[in-house]
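Enquirer: Kindly return the folded structure for what I paste below:
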Amino acid sequence: MFSLLKTFITERSEASEATLNLICSHFKIVKAKRNEILVGFDEVCNGYYFINEGCLRLFTYSDDGNPITRYFGFKGGFCTALPSFIQQKSAQEYLQAIEKSELLYINHKHFFQLVDSVPQFAMIYREILEQGFINAQKRIYGFQGFDALQKVRWAIEFQPDFLMRLSNKMAASYLGISPSTLSRIKAKM
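Expert: Predicted structure coming up:
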């Protein structure tokens with residue numbers, strides 16, 4: 001149950017089996033149903049999730065009631081409502097399992113205890129933050145000048161599983177285009 005997390009850590013740092021076991025001892029298994037909301041809009045996010053199986057998404061709604069997806073987390077990665085998790089304030093977005101998922105959950109207190117006491121975990125946290133920032137910047141700046149076709153090509157290049165695993169509605173909300181436009185583009189590719 002912790003083998004994927006251990007692999008994630010050892011691919012990024014030199015960690016002994018004792019260190020890996022210490023890190024894993026702070027996580028618990030959570031089973032999430034398809035479409036289950038893990039963190040609600042006005043809730044404080046108290047945990048970080050490592051995805052053993054399934055897919056998570058962070059989203060909110062526009063003023064006209066349409067979903068706007070900010071992030072998808074897939075198998076072998078971490079996902080949380082990061083601003084809420086760090087600041088311990090309302091999420092202002094939803095964290096949802098969009099597939100039946102097996103997750104490893106660590107609460108806020110234990111997460112930061114590991115960051116403070118285990119250098120390998122602190123390095124993982126720094127990498128997650130840096131990669132998240134880089135991906136957000138690429139998406140923001142790239143999407144500003146992209147037309148719909150360029151957005152779809154960007155998704156194929158940087159997130160290959162993205163269009164295969166998600167509904168057109170969810171994928172389109174992430175790309176900032178309509179589901180019908182996404183369907184037309186996919187049909188031409």
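
Enquirer: List the buried residues for the helix or strand hosting residue 73?
Expert: Using DSSP states H and E, residue 73 falls within strand 67-74. For strand 67-74, a neighbour-count test (16 or more other CB atoms under 10 Å) marks 67, 69, 71-74 as buried. In this view, the C-beta of every residue, glycine as well, is placed from N, C-alpha and C.

Enquirer: Does anything pack onto the biggest helix by length in the chain? Which helices or strands?
Expert: Scanning the chain for the helix with the most residues, using DSSP state H, yields helix 119-145. In this structure, helix 119-145 makes packing contacts with helix 3-10, helix 17-24, helix 108-117, helix 148-158, judged by 3 or more CB pairs under 8 Å, 6 or more residues apart in numbering; DSSP states H and E.

Enquirer: Packing partners of the longest one?
Expert: So that's helix 148-158. Using 3+ CB pairs under 8 Å, 6+ apart, helix 148-158 is in contact with helix 119-145, helix 162-165, helix 168-175, helix 179-188.

Enquirer: mean pLDDT lowest for which of these?
Expert: Here these differ in mean pLDDT, and the lowest is helix 162-165 at a mean of 80.

Enquirer: Report the helix or strand with the lowest average pLDDT across the chain.
Expert: Ranked by mean pLDDT, DSSP states H and E, the weakest helix or strand in the chain is helix 162-165, scoring a mean of 80.

Enquirer: which other residues reach that one?
Expert: Here helix 162-165 makes contact (CB atoms under 8 Å, 6 or more residues apart in numbering) with 55, 72, 74, 99, 152, 155-156, 171, 174, 186.

Enquirer: Give me the buried subset of those residues.
Expert: For these, a burial check counting by 16+ other CB under 10 Å picks out 55, 72, 74, 99, 152, 155, 171, 174.

Enquirer: isn't the fourth one right up against residue 36?
Expert: Put plainly, it is residue 99. No. Taking contacts as CB atoms under 8 Å, residue 99 lies outside contact range of residue 36: 10.0 Å.

Enquirer: got a list of what the closest residue to residue 80 other than its chain neighbours touches?
Expert: The shortest distance from residue 80 to any non-neighbouring residue, by CB to CB, 6 or more residues apart in numbering, is to residue 48 (4.5 Å). Taking CB under 8 Å, 6+ apart as the criterion, residue 48 is in contact with 78-80, 85, 105-106, 108, 111.

Enquirer: Right, I'll call it a day here.
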